[in-house]
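Participant: Model the following, please.
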Amino acid sequence: MGPALGLAALLAGCAAPAGRIEGGTFHSAKGYTVKLPEQGWRVAPGRADLELRRDAPAGGILADATCDGPELGRSLPVLGRHLVFGLSRPVTVESDTKTVAGRPADHRVLRGVVDGREVEVESLVVEGDRCIHDFLYVAPAGEFEAGRRDFQALVESLSPGAAP
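Facilitator: Numbering: from 1, shown residues only. A predicted model of the protein is given here:
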């Protein structure tokens, strides 16, 4: 398995990529923005709005939003569990609620296996006015901490903006 670390498996069913990058900021066609990490990460094709990968230390970050459909009526903890369906043998390391961009968020850190490799995963599901924002960071268990700050900075930079 490459540096994507099974991200596609964890986020199967996400929307097609949509948006543009200007001045280090990703502008989603769904109306939100996030700032990209400064070094080492590259934009990769994927099914989410934004997928970033890094080879050394290995890791992957996804950002996506759902602005219609039945997901909007589901609770944040249920949506948070959906983000990690591709993770086998999950062990919860952290599970709490946070505030991101002034909005409630379900936050989890788990250890588990994807495609036969041990990984750590951090996920946040943020409730917006008209969209649910999903963020996911996956890295090999021994390399997880190396990219965690970059992921957290990306999440904290969320500006939900106007829904489409």
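
Participant: helix, strand or coil for Gly147?
Facilitator: Secondary structure, DSSP: H, G, I helix; E, B strand; the rest coil: Gly147 is helix.

Participant: Please save the CA atoms from stretch 152-164 in CSV.
Facilitator: Only the C-alpha atoms of stretch 152-164 are listed here, as CSV (Å, rounded to 0.1, in the frame of the first residue of the first chain):
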residue,chain,number,x,y,z
GLN,A,152,-4.9,20.0,13.3
ALA,A,153,-3.8,23.4,11.8
LEU,A,154,-5.7,22.5,8.6
VAL,A,155,-8.9,21.7,10.6
GLU,A,156,-8.5,24.8,12.8
SER,A,157,-8.2,27.0,9.6
LEU,A,158,-11.7,25.9,8.5
SER,A,159,-13.9,28.8,7.3
PRO,A,160,-17.3,27.3,6.5
GLY,A,161,-18.4,30.2,4.3
ALA,A,162,-21.6,30.1,2.4
ALA,A,163,-23.1,26.8,1.4
PRO,A,164,-23.5,26.3,-2.4
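
Participant: any idea of the mean pLDDT for it?
Facilitator: For stretch 152-164, the mean pLDDT works out to 84.

Participant: What residues sit buried inside stretch 21-39?
Facilitator: Phe26, His27, Ser28, Lys30, Gly31, Tyr32, Thr33, Val34, Leu36, Pro37 (16 or more other CB atoms under 10 Å). Just so you know, the C-beta spots here come from the backbone N, C-alpha and C atoms, and that holds for glycine as well.

Participant: Next one: Glu127 from Val138, what distance?
Facilitator: In this view, Glu127 and Val138 are 22 Å apart by CB to CB, to the nearest Å.

Participant: Settle it for me: which of those two has more neighbours?
Facilitator: Set Glu127 next to Val138 and count neighbours by other CB atoms under 10 Å: Val138 wins out with 31 against 17.

Participant: and that one, what pLDDT?
Facilitator: For Val138, pLDDT reads 94.

Participant: In the sheet, which residues pair with it? Tell me.
Facilitator: Gly60, Val121 (DSSP bridges).

Participant: again, but for Val43
Facilitator: Beta-bridge pairing for Val43 (DSSP bridges): Leu52.

Participant: which residues does it contact?
Facilitator: Ile21, Leu36, Leu50, Glu51, Leu52 (CB atoms under 8 Å, 6 or more residues apart in numbering).
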